[in-house]
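Q: Let's see this in three dimensions:
(chains A and B)
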Amino acid sequence: MSGVFAGGLALADQSPPEELVVAPVSAPEDVLRVEHLAKSFGQVTALRDVSMHLKKGEVLGLLGDNGAGKSTLVKTICGFQKQDSGQMWLHGQPYEPKSVQHARELGVDVVYQDLALIDELSVYQNMFLCREERHSGLPFLNSAKMKREARKVLNDIGIRLPRLDVPVARLSGGQRQSIAVARGVYSNADILLLDEPLAAMGAKEGAMILELIARLKQEGKLSIIMILHNYVHVLESCDRVNMIVDGAIALDKPTAETSVLELNEIVVEQYRRARQAAQVQDVA
Amino acid sequence: MTPSDPDAAAPAGGEAQPRLPPRAALSPWTLIKRFLTMREGSISIVTIALIVYFSLSIPAFFTSSNFQTLLTYFTWLAILAGGEVFLMINGEIDLSIGGVYLFAPLLFYEIAGGGISLVPAVILTILVCTGIGVVNGVVTAILGVNSFITTLGTLFALEGLTLIVSHAEQLNMPGSAVSTSANGSSHLGTFASIFGAGVYSELVWAVVIIAIMQIALTRTRWGLHTIAVGSNRIAAAEAGVKVRLVVIRNFMVCSSLAGLVGIMEAVRSQSISPDPSSSNSVLLDAIAAAVIGGTLLAGGSGTIVGAFIGALFLGVLQDGLAIKGVNADYLDFYLGIAILFAMLINVYVGRVRRRSGVG
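A: Numbering: from 1, shown residues only, chains lettered A, B, ... in the order given. So this is what the prediction gives:
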């Protein structure tokens, strides 16, 4: 990571900023490895060159500015969209999810930033969407079982809802977020991707989710990638932090070796670089 | 609320609890209010009121012979509306059911005329109609053409094809002939009795199909995914719902039902009338029945039973006005006013439902 701040020194001589790209790293205990991932939407490059890895039982915090490519990365890993180039490995095997369902079958589940909840469906229907319980041998949904299971999961993670058969449209933002997180936790995945899991939550509800993540970390079964904006939350909840800048990983550090101050400095540096690049372009 | 209900027994703590109506001690007034605020509630009341009005004002209305006449007004419409509801919940619409309705009996005529027996000919015809649904679905869900435009295209194409193949001439429907015995009594064949010409044949088909579809909508994964796609397509896809497959499947069902109804109506009338104006009217009536029954054009929610009641409402209205001897010129006018009136009540009840938190 020694090259992270090298570009800042180049400002004085007006040369173009140096690339900030973390090289691919792998370790034997990696459950997920991503190398040179790129993804564009028309003229917009969302991921330029992303290489990252996730160890077993690890909680990895993913930071980055709006539009840096965090959500695109998560949506690519969870099978919602396919990368233009680059490879992924899951437990050392090539990983090419064909769909969200396929990724889920392979043990990778996700909680989206927009929560992916269906307003018209009830709490338990949302929790079991695409993994519905049915009466054995029949095509009919086993609603009683789904309600029972949903209640158990929500109780386990400390979410109190009086009824599970009400449409989620009628719940508060925090409660909706809790249901989306509970759905991911319930999925029996061994890798869970959380895209801003605290976005719509109040302080108390947010603390509850962080507590849940701490508990999952302690159990050691789940490996988690979590997009967050609050540096304090990252340092408290994550083992390691990756910062994504302009579609590439620009920082990879254990949280024990960094601080809010350093993360802030990187962001400030990032803005300085962006301004510098714009000036260089204007001159050209 | 029972102690064994894990849902009800759950703790109600936490900060941001939703305001929910209590589940116990329902008074008669609460039950009535709940019924009225059901999606099917308001149109049920309006339909009953209409039946009472016609029964009191026309002696010939509430009779068994008129009941048989009434069946011919609404049973086929209920089946068409049922198929349309699934697509409308998806946030799509199928205008081509008019074309399929017109084309199916002609296709059946050609297949049966080619020496294939009647029941296999029905099956083959419906399979072709299912194929038309696949085309509609693929063009809409995969190629991204708006379903209104896609199905408008197939509507015109099928109506045109029907006119070309039939040379715009009326034809006798195979299998619908009535035989006359030596003593002068007439007999329907088994095929005709089952496929539309029997007095209660279409009613039985309608009730069975509506029941199956209502169960499919509320008790199966297919129904759940249909609602999910109509409510929030992106969220449904993110959750893993195969959005395109759901939409294509619903187009297939809608077209298949339109084909079945087209055959049954031709058997009942014993003739194939290649008249696009009648099929266009059929199409609009089916959409009206679905909407009056409480299905939103915007998608995300709807009811198959409501579509049945909506079709019954339209049938009662047309039948009652016809018996009353209302001039044909006024019929559509009254029909239009009645539809608007029923819809206004639906909209009002929908608002009450949302305010009261019923859903």
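
Q: how about the longest helix belonging to chain A: buried residues?
A: Secondary structure of chain A per DSSP state H: the longest helix is helix A:260-283. Within helix A:260-283, the residues that qualify as buried are A:263, A:266-267, A:269-270, A:273, A:276, counting by 16 or more other CB atoms under 10 Å in any protein chain shown. Using the backbone N, CA and C atoms, a C-beta is placed for each residue, glycine as well.

Q: In chain A, what residue spans correspond to helices?
A: In chain A, the helices defined using DSSP H lie at A:6-9, A:70-77, A:100-105, A:123-127, A:143-156, A:173-186, A:203-219, A:231-237, A:260-283.

Q: same deal with chain B?
A: Counting by DSSP H, one finds helices in chain B at the ranges B:28-36, B:41-57, B:64-89, B:97-113, B:118-137, B:147-166, B:190-192, B:201-219, B:221-231, B:233-239, B:243-269, B:276-292, B:304-324, B:328-356.

Q: Would you convert those helices into JSON lines that also reports mean neighbour count, distance to chain A and mean pLDDT?
A: Shown next, in JSON lines, are the helices of chain B (neighbours: other CB atoms under 10 Å in any protein chain shown; distance: least, CB to the nearest CB, whole Å; pLDDT from 0 to 100):
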{"stretch": "helix B:28-36", "mean neighbour count": "12", "distance to chain A": "14", "mean pLDDT": "75"}
{"stretch": "helix B:41-57", "mean neighbour count": "17", "distance to chain A": "18", "mean pLDDT": "90"}
{"stretch": "helix B:64-89", "mean neighbour count": "24", "distance to chain A": "9", "mean pLDDT": "95"}
{"stretch": "helix B:97-113", "mean neighbour count": "26", "distance to chain A": "25", "mean pLDDT": "97"}
{"stretch": "helix B:118-137", "mean neighbour count": "20", "distance to chain A": "19", "mean pLDDT": "98"}
{"stretch": "helix B:147-166", "mean neighbour count": "19", "distance to chain A": "20", "mean pLDDT": "97"}
{"stretch": "helix B:190-192", "mean neighbour count": "18", "distance to chain A": "30", "mean pLDDT": "93"}
{"stretch": "helix B:201-219", "mean neighbour count": "18", "distance to chain A": "5", "mean pLDDT": "96"}
{"stretch": "helix B:221-231", "mean neighbour count": "24", "distance to chain A": "4", "mean pLDDT": "96"}
{"stretch": "helix B:233-239", "mean neighbour count": "21", "distance to chain A": "4", "mean pLDDT": "92"}
{"stretch": "helix B:243-269", "mean neighbour count": "25", "distance to chain A": "11", "mean pLDDT": "97"}
{"stretch": "helix B:276-292", "mean neighbour count": "21", "distance to chain A": "17", "mean pLDDT": "92"}
{"stretch": "helix B:304-324", "mean neighbour count": "24", "distance to chain A": "15", "mean pLDDT": "93"}
{"stretch": "helix B:328-356", "mean neighbour count": "14", "distance to chain A": "9", "mean pLDDT": "77"}
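
Q: how about those in CSV, adding distance to residue A:121?
A: Listed next are the helices of chain B as CSV, based on distance: least, CB to CB, whole Å:
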stretch, distance to residue A:121
helix B:28-36, 20
helix B:41-57, 21
helix B:64-89, 12
helix B:97-113, 28
helix B:118-137, 23
helix B:147-166, 23
helix B:190-192, 43
helix B:201-219, 12
helix B:221-231, 6
helix B:233-239, 10
helix B:243-269, 14
helix B:276-292, 21
helix B:304-324, 17
helix B:328-356, 16
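
Q: where in the stretch 51-200 of chain A is pLDDT low?
A: For the stretch 51-200 of chain A, the stretches with pLDDT under 70 are A:200.

Q: tell me the contacts of residue B:302?
A: Residue B:302 sits next to B:39, B:85-86, B:88-89, B:217, B:230, B:290, B:293-296 when contact means CB atoms under 8 Å, 6 or more residues apart in numbering or on different chains.

Q: ok, now which ones touch the closest residue in space to it that isn't next to it in sequence?
A: Closest residue to residue B:302 apart from its sequence neighbours, by CB to CB, 6 or more residues apart in numbering or on different chains: residue B:295 at 3.2 Å. Contacts for residue B:295 (CB under 8 Å, 6+ apart) come out as B:39, B:85, B:88-89, B:301-303, B:306-307.

Q: Likewise for residue B:246?
A: Shown in contact with residue B:246 (CB under 8 Å, 6+ apart): B:90, B:222, B:225-226, B:229.

Q: Residue B:276 too?
A: Residues near residue B:276 by CB under 8 Å, 6+ apart: B:98, B:102, B:159, B:162-163.

Q: at 7 Å instead, please
A: Neighbouring residues of residue B:276 by CB atoms under 7 Å, 6 or more residues apart in numbering or on different chains: B:102, B:159.

Q: Distance of it relative to residue B:257?
A: In this view, residue B:276 and residue B:257 are 20 Å apart by CB to CB, to the nearest Å.

Q: do residue A:220 as well
A: Between residue A:220 and residue B:257 the computed distance is 54 Å (CB to CB).

Q: Then residue B:190?
A: For residue B:190 relative to residue B:257 (CB to CB), the value is 22 Å.

Q: what comes up buried for stretch A:77-96?
A: For stretch A:77-96, the neighbour count (16+ other CB under 10 Å) marks A:77-80, A:83, A:86, A:88-90, A:95 as buried.

Q: Pick out the most distant pair among these.
A: For the buried residues of stretch A:77-96, the farthest-apart pair by CB to CB is A:80 and A:89; their separation is 18.7 Å.

Q: Chain B contacts on the stretch 1-150 of chain A?
A: A:80, A:99-101, A:104, A:112, A:114, A:116-121, A:125, A:129-130, A:132, A:139-141, A:147-148 (CB under 7 Å from any CB of the partner chain).

Q: For ChimeraX, what selects the buried ones among those residues?
A: Only the buried entries of the residues of the stretch 1-150 of chain A next to chain B go into this ChimeraX selection, using 16+ other CB under 10 Å:
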select /A:80,100,101,104,112,116,117,118,119,120,121,125,129,130,132,141,147,148
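
Q: Just give me the closest of the buried residues of helix A:260-283 to residue B:341.
A: Relative to residue B:341, the closest of the buried residues of helix A:260-283 is residue A:267; by CB to CB it sits at 61.0 Å.

Q: neighbours around the nearest residue to the closest one once chain neighbours are set aside, how many?
A: Nearest residue to residue A:267, sequence neighbours excluded (CB to CB, 6+ apart): residue A:65, at 7.4 Å. Residue A:65: 16 surrounding residues under other CB atoms under 10 Å in any protein chain shown.

Q: quick one: residue A:65 and chain B, what's the gap?
A: According to CB to the nearest CB, to the nearest Å, residue A:65 and chain B sit 23 Å apart.

Q: surely residue B:100 meets residue B:262?
A: Yes - look at residue B:100 against residue B:262 with CB atoms under 7 Å: they come within range, at 6.4 Å.
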